[in-house]
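have a look at this prediction, sequence included:
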Amino acid sequence: MDLYALHEKMTSHLFPVYSNEDERFLALALCGEAGELANMIKKRWRDGVDLSEEIRDEIADCRVYLELVAKCFGIEGAKLDVRVEQKLIKVVEKHKARLWANEQARKHNAECEIERLHGKARLP
Ligand SMILES: [Mg+2]
């Protein structure tokens, strides 16, 4: 599905041109839709009502604006998928060092505990 062509075809007569192209408008619109989504989820939680259809609509609204913002920065469609993968690799690399340090600390503490249990003194 060409989301951009579909959006243009269905909404171009309704809104000014900048609403499809201006990153400032699109970023604000995305935040507005994210707020609507959060509000629906809040009401679902607070009131125990089924707003699943409304929530699905808001998710679709978020996607439209996210994809349009992505297009402003040249990473629309499949290019956005590639960018997501690249970003996830960065996240894993960032947290790998933290996880490694935590694992080393856990091993050290376990060794200290074993030595303590065997009556050997060792400073942590
Ligand atoms: Mg909406």
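Happy to help now that I have it. Just so it is clear, the model here is predicted, and its values are computed rather than measured.

Ala29 reaches Tyr65, doesn't it?
Yes. Ala29 is in contact with Tyr65 according to C-beta atoms under 8 Å; the separation is 4.7 Å. (C-beta placed from N, C-alpha, C; glycine too.)

what does the helix or strand Glu33 falls within contact?
With elements taken from DSSP states H and E, the one containing Glu33 is helix 23-47. Applying C-beta atoms under 8 Å, 6 or more residues apart in numbering, the contact partners of helix 23-47 are 18-20, 49-52, 54-55, 58-59, 61-62, 64-66, 68-69, 72-73.

restrict the residues you listed to contacts with the ion.
Glu58, Asp61 (C-beta under 5 Å from the ion).

give the contact list for Asp61.
Glu33, Glu36, Leu37.

what about the residue of the chain found nearest the ion? Give its phi and psi, please.
Closest residue of the chain to the ion, C-beta to the ion: Asp61 (3.8 Å). The phi/psi pair for Asp61 (degrees, to the nearest 10) reads phi -60, psi -40.

does the closest residue in space to Arg83 that isn't next to it in sequence sit in a helix or strand, and which one?
Leaving aside its sequence neighbours, Arg83 sits nearest to Ile75 (C-beta to C-beta, 6 or more residues apart in numbering; 4.9 Å). Assigned by DSSP H and E, Ile75 belongs to no helix or strand.
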